[in-house]
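> only geometry, no sequence info:
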């Protein structure tokens, strides 16, 4: 089936990848590597703890102020709006790897599952009935509408603070690595790894993917216990997102953490 691509998404996506090549031409500084690690890590937490475990699965609770801040942090990843992200993810869990799953690598191939569906104009919209619990808040609807604003502000801040060279490392390269780390769960985590649970789909656990996504690589565990804020269920299953959520729980920011029974 031919799928139309949304050039408003394709052009910035390709441009970011091209600009990444500048890391081979700008002066190398360990400061830039540290900046890259920081902006990747903080935003990956926003994606995993925010977009995924909080907004998509409600695996813990936040008050309204911290809910907004978590959504803002998640959207610095440049992965569209919080309502869009959560709605599509909830739909994925309803139809994982069956005919209605819009990004199953088993049915549509790795490229489509990894990035093709995001760049396509077929899925710019979402079913708002799937996210009524989030959309009830006007600030969430506003943030979703202006989903580009958090990433724009972050990019401008990095540019102002660290100059163009720091911008290449700390925003552009960081954003591209964040894209592919996140997208690997839709693609590789359904074809590469081991299955502990029979979940009716092709989700798999993968240690390497768990490392680069702060715990999301325990994907078969997640599909078995979707409500759980902890995805690394064994002691050796590294789940950085869960560890940080436990810390936030200890200081009263995150409450009612739900875990697998």
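Yes, it's here. Bear in mind the structure is a predicted one, so any value in this text is a computation, not a measurement.

> And the strands in this structure?
Taking DSSP state E as the test, none of the chain falls into strands.

> low-scoring stretches of it, by residue?
Within the chain, the stretches with pLDDT under 70 are 1-8.

> Point out the other helices and strands that the longest helix seen in it packs with.
Assignment by DSSP state H gives helix 148-167 as the longest helix of the chain. Counting contacts by 3 or more C-beta pairs under 8 Å, 6 or more residues apart in numbering; DSSP states H and E, helix 148-167 is packed against helix 30-45, helix 64-75. The C-beta positions use only the backbone N, C-alpha and C, and glycine is treated the same way.

> who does the first one touch, helix- and strand-wise?
Right, helix 30-45. helix 64-75, helix 148-167, helix 174-187, helix 240-250.

> again, only this time at 7 Å
helix 148-167, helix 174-187 (3 or more C-beta pairs under 7 Å, 6 or more residues apart in numbering; DSSP states H and E).

> Quick check: which of these is buried the most?
Mean neighbours per residue, mean count of other C-beta atoms under 10 Å, is largest over those for helix 174-187, with a mean of 21.

> what's the angle between it and helix 30-45?
Here the directions of helix 174-187 and helix 30-45 differ by 40 degrees (axes from the mean of the first three to the mean of the last three C-alpha atoms, to 10 degrees).

> Can you tell me how far the residue nearest the centre of the chain is from residue 29?
By C-alpha atoms, centre = their mean, the mean C-alpha position of the chain lies nearest to residue 47, the distance being 3.7 Å. With distances taken as C-beta to C-beta, to the nearest Å, residue 47 is found 27 Å from residue 29.

> so which of the helices and strands packed on helix 148-167 gets nearest residue 132?
helix 64-75 (15.0 Å; C-beta to C-beta).

> in that closest one, what's buried?
Residues 67-68, 70-75 are the ones in helix 64-75 that count as buried (16 or more other C-beta atoms under 10 Å).

> and it, what does it pack onto?
When contacts are defined as 3+ C-beta pairs under 7 Å, 6+ apart, helix 64-75 packs onto helix 82-94, helix 138-145, helix 148-167.

> Run through the residues that contact residue 205.
Applying C-beta atoms under 7 Å, 6 or more residues apart in numbering, we find residue 205 in contact with 193-194, 196, 217-221.

> ok, now how distant is residue 91 from residue 126?
Taking C-beta to C-beta as the measure, residue 91 and residue 126 are separated by 8 Å.

> Please apply the same query to residue 135.
From residue 135 to residue 126 the distance is 10 Å (C-beta to C-beta).

> Check the contact lists of the two and give me the overlap.
The contact lists of residue 135 and residue 126 share residue 83, where a contact means C-beta under 7 Å, 6+ apart.

> Can you say which of the helices and strands packed on helix 64-75 is nearest to residue 260?
Closest to residue 260 of the helices and strands packed on helix 64-75 is helix 82-94 (C-beta to C-beta; 15.5 Å).

> Against which helices or strands is that closest one packed?
Secondary-structure packing of helix 82-94 (3+ C-beta pairs under 7 Å, 6+ apart): helix 64-75, helix 132-135, helix 138-145.

> what does the last one rub up against?
So the one you mean is helix 138-145. Counting contacts by C-beta under 7 Å, 6+ apart, the residues touching helix 138-145 from outside are 68, 71-72, 75, 81-84, 134-135.
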